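[1] This is the structure alone, sequence omitted:
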């Protein structure tokens with residue numbers, strides 16, 4: 001189609017031509033790379049979809065700041081026996097710490113008791129009494145290790161597979177690889193709660209070099225569900241529709257001239273935002289849930305809380321959102337860990353257990369992969385002393401867990417040394433974790449790639465191996 005000079009466009013020409021041009025362009029963009037099998041249908045699977053999918057979606061519970069593995073899911077009796085003694089030099093030799101400056105930091109036992117739970121007999125700290133009741137649905141991984149001991153690069157690495165800015169988040173890769181199952185919602189949604197100690201950077205859920213429509217969209221459980229999506233005062237929905245039609249025509253014309261694929265993403269994002277004006281307010285109103293369900297989660301409609309976000313995550317999963325990531329802030333306990341970890345665990349424990357139970361009773365846990373963990377663990381040595389001690393950042397061995405979505409339930413995988421310092425058995429690197437998550441979604445992590453600046457990039461860009469012992 002030949003477009004006229006934009007200056008000569010008439011209203012009649014615009015109204016007559018826009019629906020066909022914009023509709024075909026939007027449909028083409030959605031049916032392309034990473035398009036959904038449901039919206040719209042694809043004739044064949046992508047080249048990376050060579051594995052039978054075990055999960056349709058992911059709910060990632062990210063404890064930002066780094067929970068202490070030796071106080072939650074990795075019991076270490078030796079810490080009690082060696083409490084107050086200097087950490088052996090041969091273990092910590094040549095290691096840097098974020099905050100600990102002492103050459104002889106002291107071993108610190110856990111203030112909490114560990115007990116065996118469920119038929120699996122998995123040991124869990126008293127910090128997580130509710131999660132302990134559903135431990136038979138969980139695979140605890142006690143042998144994670146990562147590449148950085150500072151927050152920003154470690155969070156970036158856990159979420160994007162690189163410590164550098166500008167790489168796509170795992171949720172963006174899932175969106176690119178599989179698309180969405182609901183045309184009225186984003187494929188990748190982010191929810192945040194907790195104490196605002198470390199900032200959460202948009203790049204943690206950014207699209208990187210992928211088309212921008214794959215970025216994570218942050219929803220809020222208080223106030224406007226999404227910032228800037230509401231029409232300003234005096235602008236009706238029909239007026240907004242006409243504005244978007246005009247923007248769509250101009251962007252389509254510009255795309256024909258310059259061929260920039262990001263223009264197609266811009267059109268799709270405008271249209272999605274328009275649809276979300278209707279779909280999102282009802283979705284985010286957790287007060288419509290039965291009172292018994294709200295009580296099970298500990299949700300309080302209208303508040304910003306991890307419990308509300310867990311309930312909202314289940315509602316998003318029901319509606320076909322591909323990747324839902326919950327960030328809970330405040331886990332960076334350099335001091336006062338007894339008070340801080342008690343508060344943080346109390347604020348998340350009930351809702352975590354409720355989410356797993358709720359998904360299971362709805363028949364959704366079998367195809368929903370749930371992940372829990374932070375960017376690293378915390379040292380087995382004390383930072384500071386007395387009753388106000390804390391623990392420093394620790395990348396060499398820590399714990400995460402997974403449940404549902406093709407994961408073998410009720411197991412413990414790997415272990416750290418008797419001090420909880422190094423991962424020593426069945427070690428799992430962050431790239432291995434990413435490879436396993438993609439595998440559960442039916443994606444070959446070595447085939448899911450995007451060419452950028454002359455070479456192919458992957459989420460597991462350098463290496464990574466699926467952990468078969470974790471698979472059901």
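    Received the coordinates, thanks. A quick note: this is a predicted structure, and the numbers were derived from the prediction, not measured.

[2] tell me the pLDDT at residue 5?
    Looking at residue 5, its pLDDT is 43.

[3] I meant to write residue 466 there.
    At residue 466, the pLDDT value in this model is 98.

[4] ok, now residue 303?
    Here the pLDDT value assigned to residue 303 is 89.

[5] cool, and residue 34?
    If you check residue 34, the pLDDT there is 36.

[6] Repeat that for residue 17.
    As predicted, residue 17 sits at a pLDDT of 44.

[7] so where's the stretch 101-250 of the chain uncertain?
    By pLDDT under 70, the low-scoring segments of the stretch 101-250 of the chain are 221-223, 227-229, 231.

[8] What segments of it are helices?
    Using DSSP state H, counting those that start in this stretch, the helices of the stretch 101-250 of the chain run over residues 129-133, 151-160, 170-178, 237-258.

[9] just those: most buried one?
    Comparing these by mean neighbour count (mean count of other C-beta atoms under 10 Å), helix 170-178 ranks first with a mean of 28. C-betas here are computed from N, CA, C, even on glycine.

[10] so can I have TSV of the helices of the stretch 101-250 of the chain showing distance to residue 343?
    TSV is the format used below for these (distance: least, C-beta to C-beta, whole Å):
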stretch	distance to residue 343
helix 129-133	15
helix 151-160	19
helix 170-178	28
helix 237-258	43
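
[11] what's the helix or strand for the most centrally placed residue in the chain?
    The centroid of the chain falls nearest to residue 325 when counting by C-alpha atoms, centre = their mean (3.3 Å). Assessed by DSSP states H and E, residue 325 sits inside strand 323-329.

[12] okay, the angle between that strand and helix 151-160?
    Angle, strand 323-329 to helix 151-160, by axes from the mean of the first three to the mean of the last three C-alpha atoms, to 10 degrees: 160 degrees.

[13] could you check the angle helix 170-178 makes with strand 323-329?
    Using the same axes, to 10 degrees: strand 323-329 against helix 170-178 is 180 degrees.

[14] Okay, now the sheet partners of strand 323-329, with direction.
    Strand 323-329 has the following sheet partners, assigned by DSSP bridges: strand 57-64 (parallel), strand 188-194 (parallel).

[15] Would you format those strands as a markdown table with mean neighbour count and distance to residue 172 included?
    Listed next are the strands paired with strand 323-329 as a markdown table, based on neighbours: other C-beta atoms under 10 Å; distance: least, C-beta to C-beta, whole Å:
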| stretch | mean neighbour count | distance to residue 172 |
| --- | --- | --- |
| strand 57-64 | 25 | 12 |
| strand 188-194 | 24 | 6 |
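
[16] Which one of the ones you listed lies nearest to residue 441?
    When the strands paired with strand 323-329 are compared by C-beta to C-beta, strand 57-64 sits nearest residue 441, at 7.1 Å.

[17] The following helix or strand past that closest one: which residues count as buried?
    Heading C-terminal from strand 57-64, the first helix or strand you meet, by DSSP H and E, is helix 77-81. Within helix 77-81, the residues that count as buried by 16 or more other C-beta atoms under 10 Å are residue 79.

[18] in the helix or strand immediately after the strand holding residue 325 in the chain, what counts as buried?
    Next along the chain after strand 323-329, taking DSSP H and E as the criterion, comes helix 337-361. Buried residues in helix 337-361, counting neighbours by 16+ other C-beta under 10 Å, are found at 337, 340-342, 344-345, 347-360.

[19] helices and strands around helix 337-361, which ones?
    With contacts taken as 3 or more C-beta pairs under 8 Å, 6 or more residues apart in numbering; DSSP states H and E, helix 337-361 sits against strand 57-64, helix 129-133, strand 188-194, helix 291-297, helix 306-318, strand 323-329, strand 368-373.

[20] residues making contact with the fifth one?
    When contacts are taken as C-beta atoms under 8 Å, 6 or more residues apart in numbering, the neighbours of helix 306-318 outside the stretch itself are 57, 59, 61, 185, 189, 191-194, 219, 221, 283-284, 286, 289, 293-294, 297-301, 324, 326, 328, 347-348, 350-352, 354-355, 358-359, 362, 364, 368.

[21] Setting aside sequence neighbours, what's the nearest residue to residue 372?
    The shortest distance from residue 372 to any non-neighbouring residue, by C-beta to C-beta, 6 or more residues apart in numbering, is to residue 61 (4.5 Å).
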